[in-house]
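Student: Could you look at this predicted model? Sequence included:
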Amino acid sequence: MFSRFKEKLSGFKEALSSKIAEKVSLAEKIAGKKDDGEKEIESHAKALPEADGNAALQKSPASSATLSSTSPAKPSPSQIPEKAEANNKPKSRFSFLEKAKSLIFEQEVILEEKDLVEPMWALEMALMESDVALPVAEEIIREVKSDLVGKKRKIGADTGAIAEQSLRNALLTILSRNYLDFDEYIKSKEKPVKILFVGVNGTGKTTSIAKVARYLMNQSYSVVLAAGDTFRAGAIEQLEVHGSSLGLKVVKHKTGGDPAAVIFDAVEYAKAHNKDVVLADTAGRLHTNINLMDQMRKIVRVTKPDLLIFVDEAIAGNDAVERARLFNESVPIDGSILTKTDADAKGGSAISIAYITGKPVLFLGVGQTYPDLVKFEPQWLVDRLMGEAEA
Ligand SMILES: Nc1nc2c(ncn2[C@@H]2O[C@H](COP(=O)(O)OP(=O)(O)O)[C@@H](O)[C@H]2O)c(=O)[nH]1
Ligand SMILES: [Mg+2]
């Protein structure tokens, strides 16, 4: 799942790794020159009175060890008699050479804004190629940058891990922003809870309704289905097939009937029979179809759903994100379900949709059977995007 997202990240990791390597070797080079420089400074220092105790702080044994350990080719001071001698001598407190040393200390590196130009470019490319919407990619880059710049970073054996950890944090922050716990919501809401599913054709609305019904039944809720897609031939029958597989009542009218009336009846049925949740199907509609979008607004106005859920497919990438934005502008949605994440989705829409709509992703569809529904958890998604866990 999302294997292509991880592949695309390799450019970012490589760019950051090589920048760190470059920085370390530069700092070492300066530190190498330091010994020569010290000799020069020290020859002047000899003429000066004894230096104060700060000299010892300026070159602690720990930092010397670090520098030599990151550069095995460089002989340790003890191997070079005159350098060992230099170590014991007092030095100028204002030595420019100390600056270089502050960059790497105890195998740590401090990254500056200018070091990140290339890695950030590589990250932006990777995100765009993974269908992450531009404003979201920019936000991720801001987060990663502010995480990396100015802080001491342990270099460690794997410099790519620094890149990965930073991106992981940024994704978690962005994905957690609009989080809503669906289970808690259902639990706390007055019954029956009315949930309306909308979206374009073929994205998985009806299938998701059946999956959510089963999900709720597993938590001992009673569910009624409303056959609100009165438009497409065969839509009512499709929902009835699910209803009979799951043992659920399906409230329906004739094809061509008023969807709002069907949903209204389903809610009345739920009230009369003490059912907990009404899941209402609707016809697929394109956000560009003015009449059908008007009809959707009417359905929402009349039936007043507790949750209006937008369903789209993760494989549609940026198109799904754009549709979500336009549906949300037409009638404010409460959350999304992204289906078909199992079908080679790049991951971008899953990252972007909540950010763009400002509404949470509630579930991910991960296959065609009823159990193939995963409650959205930011950590779960990040683990899969970063390739550390399989679906
Ligand atoms: N692979 C995969 N297929 C799905 C998923 N969700 C729905 N589908 C399939 O997508 C097709 C359209 O689904 P349907 O529920 O009829 O879409 P609707 O027109 O929005 O109601 C069906 O073949 C479903 O089996 C999913 O999460 N993964
Ligand atoms: Mg349908």
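Tutor: Received, thanks. Ligands and ions are numbered 1, 2, ... in the order given.

Student: what's the neighbour count on N291?
Tutor: The number of residues packed near N291 is 8, by other CB atoms under 10 Å. (Each C-beta comes from the backbone N, C-alpha and C, glycine too.)

Student: hmm, I was thinking of I110
Tutor: Taking other CB under 10 Å as the definition, I110 ends up with a neighbour count of 17.

Student: distance of it from ligand 2?
Tutor: For I110, the distance to ligand 2 (CB to the ion, to the nearest Å) stands at 55 Å.

Student: low pLDDT regions in the stretch 201-350 of the chain?
Tutor: Along the stretch 201-350 of the chain, no part satisfies pLDDT under 70.

Student: Return the residues of it in contact with ligand 2.
Tutor: By the rule CB under 5 Å from the ion, the part of the stretch 201-350 of the chain lying against ligand 2 is 205-206.

Student: Could you double-check that T207 lies in contact with V366?
Tutor: No - judged on CB atoms under 8 Å, T207 makes no contact with V366 at a distance of 11.7 Å.

Student: Let me know the pLDDT of the residue of the chain found nearest ligand 1.
Tutor: Proximity of the chain to ligand 1 (CB to the nearest ligand atom) peaks at G365, 2.5 Å away. G365 is assigned a predicted lDDT (pLDDT) of 97.

Student: What's opposite it in the beta bridge?
Tutor: Counting by DSSP bridges, G365 is bridged to L373.

Student: Number of residues surrounding it?
Tutor: By other CB under 10 Å, 23 other residues sit near G365.

Student: Over to H253?
Tutor: Using other CB under 10 Å, H253 has 16 neighbouring residues.

Student: sorry, back to before: show me the contacts for the residue of the chain closest to ligand 1.
Tutor: G365 makes contact with 204, 207-208, 211, 313-314, 337-342, 372-373, according to CB atoms under 8 Å, 6 or more residues apart in numbering.

Student: need those residues in TSV with neighbour count, distance to A163 and secondary structure, can you?
Tutor: Formatted as TSV, the contacts of G365 follow (neighbours: other CB atoms under 10 Å; distance: CB to CB, whole Å; DSSP: H, G, I helix; E, B strand; the rest coil):
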residue	neighbour count	distance to A163	secondary structure
G204	21	34	coil
T207	22	37	helix
S208	25	35	helix
K211	26	36	helix
E313	23	30	strand
A314	30	24	helix
I337	28	31	strand
L338	32	26	strand
T339	31	31	strand
K340	22	29	coil
T341	24	24	coil
D342	16	27	coil
D372	18	32	coil
L373	21	32	strand
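
Student: Farthest-apart pair in the residues you listed, please.
Tutor: K211 and A314 (14.8 Å; CB to CB).

Student: What residues does the chain have near ligand 1?
Tutor: Within the chain, the positions lying close to ligand 1 (CB under 6 Å from any ligand atom) are 199, 201-207, 284, 339-340, 342-343, 365-368, 372.
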